[in-house]
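Asks: For reference, the sequence and a predicted model appear below.
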Amino acid sequence: MPLLSEADAAYLLRLARQAVEGCALEHRLPQVEEPLEESLRTNCGAFVTLRKGEHLRGCIGHVEPSAPLYHTVRDCAVAAASRDPRFEPVTPAELPDLRIEISILSLFNDVRPEDVEVGRHGLLISRGFHRGLLLPQVATQWHWDREQFLEETCLKAGLPPDAWRHGARIQAFTAQVFGEREDKNSRESTVNS
């Protein structure tokens with residue numbers, strides 16, 4: 001995972017906002033020139049989360065680092081606005097009230113349950129065709145301890161909550177998280193590592 005500067009984060013937030021607006025208003029992807037910064041051209045996994053007030057409005061990501069980061073963010077922003085199966089597509093009227101958050105993912109590592117650090121790690125739990133992922137910030141937002149975080153990730157995967165105790169694969173990752181401020185008049189970013 002490349003460590004992004006404030007300028008990189010601001011660029012990605014502008015790109016994500018253009019993608020969401022282009023999807024809602026014109027039903028098309030914005031054209032974007034390849035950025036000069038190596039950090040933005042590195043293949044990397046990422047998630048884009050849309051919030052309306054305190055409520056989730058869409059969240060889609062790519063776990064595998066299979067495309068340049070700026071492409072991944074653009075594609076995830078469009079998918080979060082239009083293809084998250086939990087929600088209807090974002091409408092033009094909602095655009096002023098949406099806040100965008102981006103999570104840039106590190107590589108995934110197998111971990112033991114006792115090594116999971118709430119607030120630092122995100123989790124991917126899998127068994128067979130079942131996979132569930134929760135970003136690092138989810139556990140802190142819900143005030144979960146380590147066991148609750150493991151259980152909720154199992155449930156997200158469609159597994160029993162104790163599958164982490166019975167052979168499910170547990171992988172951890174970290175994320176650089178940044179987003180638009182809640183103030184509608186300011187689209188500046190706040191960056192957390």
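Replies: Done, it's in. Residues are numbered from 1 along each chain as shown.
Asks: nearest residue to the residue sitting nearest the centre point of the chain other than its sequence neighbours?
Replies: Nearest to the mean C-alpha position of the chain, by CA atoms, centre = their mean, lies residue 47 at 2.4 Å. Spatially, and ignoring its direct neighbours in sequence, residue 47 is nearest to residue 61 (3.0 Å; CB to CB, 6 or more residues apart in numbering). From N, CA and C alone the C-beta is placed, and that goes for glycine too.
Asks: follow-up on the earlier one: tell me the spacing between the residue nearest to the centre of the chain and residue 20.
Replies: 14 Å (CB to CB, to the nearest Å).
Asks: Tell me where the protein has strands.
Replies: With DSSP state E, the ranges of strands along the chain come out as 46-52, 55-62, 98-105, 109-110, 122-127, 130-134, 169-173, 175-180, 189-192.
Asks: Lowest mean pLDDT across those, which one is that?
Replies: Among these, strand 189-192 carries the lowest mean pLDDT, a mean of 49.
Asks: Count residues in the vicinity of residue 78, would you?
Replies: Per other CB atoms under 10 Å, the neighbour tally for residue 78 reads 23.
Asks: That one and residue 26 touch, don't they?
Replies: No: with contacts counted by CB atoms under 8 Å, residue 78 stays clear of residue 26, the gap being 11.3 Å.
Asks: Low-confidence ranges, the chain, go.
Replies: Residues of the chain that meet the criterion pLDDT under 70 lie in 183-193.
Asks: which one's the longest helix in it?
Replies: helix 6-26 (DSSP state H).
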